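> can't give you the sequence, but here's the structure:
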């Protein structure tokens, strides 16, 4: 895959395009909940598994007219809400209905797939055939594949559990129906039914995920004319935090010859994955992109590729940016810097990145601390205060120590510089950038000229301070 174009599809009312290359073939895509990440996953699923998806929607033995109507209804389910325009989905410039799927060997796993792998019965078991049939993997005959490879799959999963994930559990084949038993070595428990009675959900999800991934490695063809693609959508959501580092190492090591597309809404995992890629000097093999929602719909940006304040200044002074376009470029870069800041601060869930600017402008505190090239956040502060208050040293100044700890988190020097810059940029946004972004004039009064120059200078300072914050916590 070198170019994926999506338009009028699910979350995307406007066109977005992912540009990859032979060298930078992999994609790590971060997006908040509702930003369109799942729509990207659904687009790839339609590209690679259209026949399978259609099969469940077309009546067997129906008339040609009925089949045509059912197929049209199927595609309409993918239309952007409120659109009557047909979906546009292209891979390398070729429409999704015309691409040669035999040129690809594709495998797709989502968190929803993993969590739905238990059959809806009372057995509470793992069946290898059922697991692989519910996953989206390139295999024509799963029954035959499992029958011939079950021993190898189990062996490889056990090796990975022990060596890659440092887990004290192992698995085995329970019966000829390919039910899998799980054994907790330390607790001396073994079961193939009622698995939730011996394992927590996170460990079960790890086992299920590894069963799929090790099967994919066995299914991988040696035919170099086939492009091997692995797409993962939020699979770490269901894993223990301790295993998220291990899964990044596992994927980078064992799937090095695959084109990997990793989608996540988890900022911590996104940052962890980026750091692991950089630590292995594989940064030139990856594209790091971000999805976010604005009033105009879903937007896509690569922070490292987006125009910087210096780029905007140079183009504006050189006459390449007109008064009615420079404001939009400044706005996009400002939004990107704030979103990048939210990723650094690991803001998610109840406090999404789009609310960060409002939070800072309104004076609400952000609890962070840089210590030993590591970012400590609110959760670390709570732990630190708890340790102070629960200590047995009979120190009468415990309250003062706790207050001092809070103050250290509230007064991060980088954030103390960043906050007033964001407030000032919001002022520029209200009085100048918004008008220029929506203006039609090609002339610019002198006072507006000065405000453009002032906003670009301030944006450059904000960019520099965000980079300094990155360095202080070891992200650069």
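It's in. If you're wondering where the values come from, they're calculated on a predicted model, not measured in any experiment.

> and stretch 66-74, how far out from the chain's middle?
Chain-centre distance of stretch 66-74: 33 Å, with CA atoms, centre = their mean, to the nearest Å.

> and what of stretch 29-49?
Centroid separation for stretch 29-49 versus its chain: 10 Å, with CA atoms, centre = their mean.

> cool, stretch 66-86 as well?
The mean C-alpha position of stretch 66-86 is separated from the chain mean by 28 Å, CA atoms, centre = their mean.

> list the buried ones in the lengthiest helix in the chain?
In the chain, taking DSSP state H as the definition, the longest helix is helix 446-472. Burial within helix 446-472, assessed by neighbour count using 16 or more other CB atoms under 10 Å, is assigned to 448, 451-452, 455-456, 458-460, 462-463, 465-466, 469-470, 472. For every residue, glycine as well, the C-beta is placed using N, CA and C.

> next structured bit after the strand or helix carrying residue 159?
Using DSSP states H and E, residue 159 maps to helix 142-159. Sequence-wise, the next helix or strand downstream of helix 142-159 (DSSP H and E) is strand 169-173.

> could you give the angle of that following strand to helix 142-159?
Per axes from the mean of the first three to the mean of the last three CA atoms, to 10 degrees, the angle that strand 169-173 makes with helix 142-159 is 150 degrees.

> look up how far residue 220 lies from the closest residue to residue 161 other than its chain neighbours.
Take residue 161 and drop its neighbours on the chain: the residue closest to it by CB to CB, 6 or more residues apart in numbering is residue 167, 4.5 Å away. Distance from residue 167 to residue 220, counting by CB to CB, to the nearest Å: 24 Å.

> before we move on, what about residue 87?
Separation of residue 87 from residue 220 (CB to CB): 31 Å.

> before we move on, what about residue 416?
Here residue 416 is placed at a distance of 51 Å from residue 220 (CB to CB).

> can you report how many residues neighbour residue 360?
For residue 360, the neighbour count with other CB atoms under 10 Å is 21.

> hang on, it packs against residue 422?
Yes - with contact defined as CB atoms under 8 Å, residue 360 counts as touching residue 422 (5.2 Å).

> so residue 293 is in which element?
Element membership of residue 293 [criterion: DSSP H and E] is strand 286-294.

> and the pLDDT for residue 26?
With respect to pLDDT, residue 26 has a value of 96.

> swap that for residue 177, sorry
Confidence at residue 177, expressed as pLDDT, is 94.

> got a list of what it touches?
Counting by CB atoms under 8 Å, 6 or more residues apart in numbering, residue 177 touches 127, 129.

> ok, and the helix or strand in the chain with the lowest average confidence?
The weakest-scoring helix or strand in the chain, judged by mean pLDDT, DSSP states H and E, is helix 434-438 (a mean of 55).

> I'd guess residue 107 is in a helix, am I close?
No - when classified by DSSP: H, G, I helix; E, B strand; the rest coil, residue 107 is found to be strand rather than part of a helix.

> these two touch, right, it and residue 235?
No - contact criterion CB under 8 Å: residue 107 and residue 235 do not qualify, at 12.0 Å.

> spatially central residue for the protein, please.
Centroid-nearest residue in the chain: residue 264, 2.0 Å away (criterion: CA atoms, centre = their mean).

> list the contacts of that one.
28-31, 37, 234, 236, 270, 273.

> so which of those sit within strands?
28-31 (DSSP state E).

> surely residue 228 is in a strand?
Yes - residue state for residue 228 (three-state DSSP) corresponds to a strand.

> oh, and call the first residue 770 from now on, that's how I've got it
I'll keep to 770 as the first residue from here, and by that count the last item is residue 997.

> do you know how far it is from residue 983?
Per CB to CB, residue 997 is found 15 Å from residue 983.

> any idea how far residue 975 lies from residue 934?
Note on residue 975: its distance to residue 934, by CB to CB, is 7 Å.

> overlap of the contact sets of those two?
Both residue 975 and residue 934 are in contact with residue 1012, where contact means CB under 8 Å, 6+ apart.

> neighbour count winner among those two?
residue 975 (25 against 21).

> which SSE is the more buried one in?
Residue 975 belongs to helix 970-988 when elements are defined using DSSP H and E.

> buried sites along that helix?
Under the neighbour-count criterion of 16+ other CB under 10 Å, helix 970-988 has 972-985, 988 buried.

> ok, stretch 797-809 next?
Within stretch 797-809, the residues that count as buried by 16+ other CB under 10 Å are 797-801, 804-809.

> which stretches of the stretch 1120-1245 of the chain form helices?
Secondary structure of the stretch 1120-1245 of the chain by DSSP state H, counting those that start in this stretch: the helices cover 1125-1130, 1147-1159, 1167-1179, 1182-1197, 1203-1207, 1215-1241.

> what's the least confident stretch among these?
Mean pLDDT values for the helices of the stretch 1120-1245 of the chain show the minimum at helix 1203-1207, a mean of 55.

> run through who's touching stretch 815-825.
Applying CB under 8 Å, 6+ apart, the contact partners of stretch 815-825 are 814, 840, 843, 847, 858, 860, 865-866, 868, 870, 873, 875, 877, 905, 907, 998.

> elements contacting the host helix or strand of residue 838?
In the assignment (DSSP H and E), residue 838 maps to helix 833-845. Where contact means 3 or more CB pairs under 8 Å, 6 or more residues apart in numbering; DSSP states H and E, helix 833-845 is packed against helix 806-824.

> so residue 802, which of the three states?
Using three-state DSSP, the structure places residue 802 in coil.

> what's the separation between the closest residue to it other than its chain neighbours and residue 1235?
In space, residue 802 comes closest to residue 1034 once its chain neighbours are excluded; the distance is 5.4 Å by CB to CB, 6+ apart. Distance, residue 1034 to residue 1235, by CB to CB: 21 Å.

> quick one: what helix or strand has the closest residue to residue 965 other than its chain neighbours in it?
Closest residue to residue 965 apart from its sequence neighbours, by CB to CB, 6+ apart: residue 893 at 5.7 Å. Of the helices and strands defined by DSSP H and E, none includes residue 893.

> can you give me the pLDDT of residue 893?
Looking at residue 893, its pLDDT stands at 79.

> closest one of the buried residues of helix 1215-1241 to residue 912?
Residue 912 lies nearest to residue 1239 out of those, by CB to CB, at 50.4 Å.

> list the contacts for residue 1001?
By CB under 8 Å, 6+ apart, the contact set of residue 1001 is 877-879, 1020, 1029-1032.

> look at it and give its secondary structure.
Secondary structure for residue 1001, judged by three-state DSSP, is strand.

> what residues are bridge-paired with it?
Following DSSP bridges, residue 1001 is listed with bridge partners residue 878, residue 1031.
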